[in-house]
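> Sequence plus the predicted model coming up.
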Amino acid sequence: MQIQSTVAVLPNDNIDTDQIIPARFLKTISKEGLGDQLFCDWRYNADGSPKADFVLNTPAAKASKVLLAGDNFGCGSSREHAPWALTQYGFQAVLSTSFADIFKQNSLKNRLLPIVMPKDAHAALFVALEKDPALQVTIDLPAQTLSWPGGPAVEFPIDAFAKDCLLEGVDEIGYVLKQDSAITAFEAQRSISLNTLA
Amino acid sequence: MPSNKPRTIIEKVWDNHIVAQREGAPAVLFIDLHLVHEVTSPQAFSGLRERGVKVRRPDLTFATVDHSTPTTPRNLPIVDQIAATQVAQLEKNATEFGIPYFGFQNLNQGIVHVIGPEQGLTQPGMTVVCGDSHTATHGAFGALAFGIGTSEVEMVLATQCLLQRPSKTFEVKVEGTLKPGVSAKDIILALCAKIGIGGGTGCVFEFTGSAIRALSMEERMTVCNMSIEAGARAGLIAPDEKTYEYIKGRKFAPKGEEWDKAVAFWKTLPTDEGATYDYTVSIDADALEPMITFGTNPGMGMAISGAVPDPASQSDPLERESLRKALQYMNLQAGQPIAGQKIDVVFIGSCTNSRMTDLRAAASVLKGRKVSPSVRVMVVPGSQEIKRQAEAEGLDQVFRDAGAEWREAGCSMCIAMNGDQLSPGQYSVSTSNRNFEGRQGKGGRTFLASPLTAAASAVTGVVTDVRSL
Ligand code: SF4
């Protein structure tokens, strides 16, 4: 999995999932149709017209597969609608100095790479993009590296199991379903009963 | 995991649930209780249908509707057709997959994190998950309880297990005695302000110390509820006599001989003497003041006697910019005292503060007083059961006499999915857990605080320290 792309920049810390996809769009029973609502309240005017100066409305961002944001991206609500909306917009990776735990898990399950960068490289990329907004970054998942012309080669951490699943296309639910006998054995030695109506 | 090494309660509960652990892979962790609501589950059930698999343990699964449901009288239909479809979909899924379900008209319906404990479903030592980040609430009982995404909801429905890596352990020690006017909500808001919204990322909190022991179960739920607001996926409190007392006799609690066995097991859960944590932080309960947020995340909080901070005082450029944007969104000036800020709405409710203790606290302030004519005050009980109990105590009358609205149970203006919402530019003092931009309605501005502070502010129409009334 290699990604080469320009970068859309959102220089805010603590971008929460309520911003990524506001709650009023969570009444859907499908995963589809969320890309247009990504960052809805930052992206559109009250009359529904796009705000020209908001990054996601620029032609350059629309062609970008990579989003660069501030620290602690994806905090707040557990809604998986956030990575659904990001991937439907066209993003394949988000770069930050850290991610909220649930968002990180949700992203990996939707082939959206949450790439944690060291603080100095993260700051350097902001500067490089200010100088050259058309700068392309290259993300190499097997090698776990992120690089750009004139920048450092940044190694990024990723859970080894999640990486394998992404590269080999392993279905995690299928993987656990196959461990049926271990689950059955565990259940047998455990007798929690909630006396529910089921 | 037989070992003589002293362990924290977090590690004990984790160890007790490992089904399989392959080299290099995350643990397969067994889940004792899976709570399901209408917003984060439909796509998971669709996934099950596509795979042709059943729900493995419907007896350990429990569903209810709370997020998109109206809080208007229950004899009225759900007017929002999209919400009505979502509610109907959960009912259909629960029926098809054989899951116990408290529907919209059920007399025990309520916010998922309120009814789990109320029904005795939540018990010490359990692993509890829900497609909802405030699942940490159940940690008040000594359960390892955390929020998951919809893919994980599907995994738990299909296998009753999750793939997980262990979290780091983080002790939050709260020693001392809370002063009058200071409550459980202020403890957790103080933690958020102290370590920031990302401070507990990758961790599970254990709340310890004399001030935590002194809290009732309902207050402990308030504290654990907002663990996610300090970045931790879960937060828990070791069970004690108060815990057992609360659970005993509830509908799904163990009975008879099972009860004695359960209590004996629960007593083995508290953290061993000599166990160590990866991180520790202390909060001095004696020094705590009523807390309130001023910004657009729960970490942007301070004592109610304080003044709005100045972005210029921040050294990190991104943090400075975040604070500047927050104050701009909130339309507050650096240096302005937060007390005295005019408000439009007061919301008393949510899985953080909608239980009897919270309603009694709010009523104690509103009794014999009137809410300010310029303020809309909504009181939304966490469950139908709480609503009945409050009415039996006459609290509804106190609220109505004061000029507040007394509504039906649900998430309501905590998430503003059901029509209960702020208008653009309006300010609220809210007992809920999130003050993100637009959380309570597009353009709305939220100050998070305790029920006491919310009720005091309702009376005056401005942000008010309850001790000044
Ligand atoms: S009350 Fe608010 S935080 Fe709690 S479950 Fe409902 S929407 Fe989530």
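Looks like it arrived, so ask away. Numbers count the residues shown, from 1 in each chain, chains lettered A, B, ... in the order given.

> what number of residues lie near the residue nearest to residue A:45 when sequence neighbours are not counted?
Excluding the flanking residues, the one nearest residue A:45 by Cβ to Cβ, 6 or more residues apart in numbering or on different chains is residue A:51, at 5.8 Å. Any C-beta I mention is one placed from the backbone N, CA and C, and that applies to glycine too. Residues lying near residue A:51 (other Cβ atoms under 10 Å in any protein chain shown) number 12.

> For residue A:51, grab phi and psi.
phi -80, psi 120 (degrees, to the nearest 10).

> can you give me the offset of the strand or helix carrying residue B:459 from its chain's centre?
Applying DSSP states H and E as the criterion places residue B:459 in helix B:451-460. On the basis of Cα atoms, centre = their mean, to the nearest Å, helix B:451-460 sits 20 Å off its chain's mean C-alpha point.

> what's that helix packed up against?
Other helices and strands packing on helix B:451-460, by 3 or more Cβ pairs under 8 Å, 6 or more residues apart in numbering or on different chains; DSSP states H and E, are strand B:345-348, helix B:356-366, strand B:427-430.

> what's the closest of the ones you listed to residue B:295?
strand B:427-430 (13.0 Å; Cβ to Cβ).

> re the thing from before, can I get the helices and strands packed on helix B:451-460 in CSV with mean neighbour count, mean pLDDT and distance to chain A?
Listed next are the helices and strands packed on helix B:451-460 as CSV, based on neighbours: other Cβ atoms under 10 Å in any protein chain shown; pLDDT from 0 to 100; distance: least, Cβ to the nearest Cβ, whole Å:
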stretch, mean neighbour count, mean pLDDT, distance to chain A
strand B:345-348, 28, 98, 15
helix B:356-366, 23, 98, 22
strand B:427-430, 28, 98, 14
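
> so how far is chain B from residue A:34?
For residue A:34, the distance to chain B equals 11 Å [Cβ to the nearest Cβ, to the nearest Å].

> so what's the spatially closest residue to that residue that is not a sequence neighbour scoring on pLDDT?
Of all residues not flanking residue A:34 in the chain, residue A:85 sits nearest, at 4.0 Å (Cβ to Cβ, 6+ apart). You'll see residue A:85 listed with a pLDDT of 98.

> Could you dump the helices and strands packed on helix B:451-460 into a markdown table with distance to the ligand added?
Converted to a markdown table, the helices and strands packed on helix B:451-460 look like this (distance: least, Cβ to the nearest ligand atom, whole Å):
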| stretch | distance to the ligand |
| --- | --- |
| strand B:345-348 | 10 |
| helix B:356-366 | 12 |
| strand B:427-430 | 10 |
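
> among the ones you listed, which is nearest residue A:97?
Short answer: strand B:427-430, nearest of these by Cβ to Cβ, at 30.0 Å.

> strands paired with the closest one, and their directions?
strand B:345-348 (parallel), strand B:445-448 (parallel) (DSSP bridges).

> got a list of contacts for that strand?
B:292, B:341-347, B:350, B:413-414, B:422, B:440, B:444-449, B:453-454, B:457-458, B:463 (Cβ atoms under 8 Å, 6 or more residues apart in numbering or on different chains).

> chain center to it: distance?
17 Å.

> Quickly find the element holding the residue nearest to residue A:34.
Going by DSSP H and E, residue A:85 is part of helix A:81-89.

> ok so, going back, quick check: which of the strands paired with strand B:427-430 is nearest to residue B:7?
strand B:445-448 (34.3 Å).

> can you tell me if that closest one touches the ligand.
No - Strand B:445-448 is not in contact with the ligand by Cβ under 6 Å from any ligand atom; minimum separation 11.5 Å.

> can you give me the strands in chain A?
Taking DSSP state E as the criterion, chain A carries its strands at A:2-5, A:7-10, A:66-69, A:93-96, A:113-116, A:137-140, A:145-147, A:154-155.

> Report the rounded mean pLDDT for the helix or strand harbouring residue B:49.
Here residue B:49, judged by DSSP H and E, is contained in helix B:42-51. For helix B:42-51, mean pLDDT is 96.

> Relative to the helix or strand following that helix, what are the paired strands and their orientations?
Using DSSP H and E, the helix or strand that follows helix B:42-51 in sequence is strand B:61-64. Sheet pairing of strand B:61-64 (DSSP bridges) gives strand B:33-37 (parallel), strand B:101-102 (parallel).
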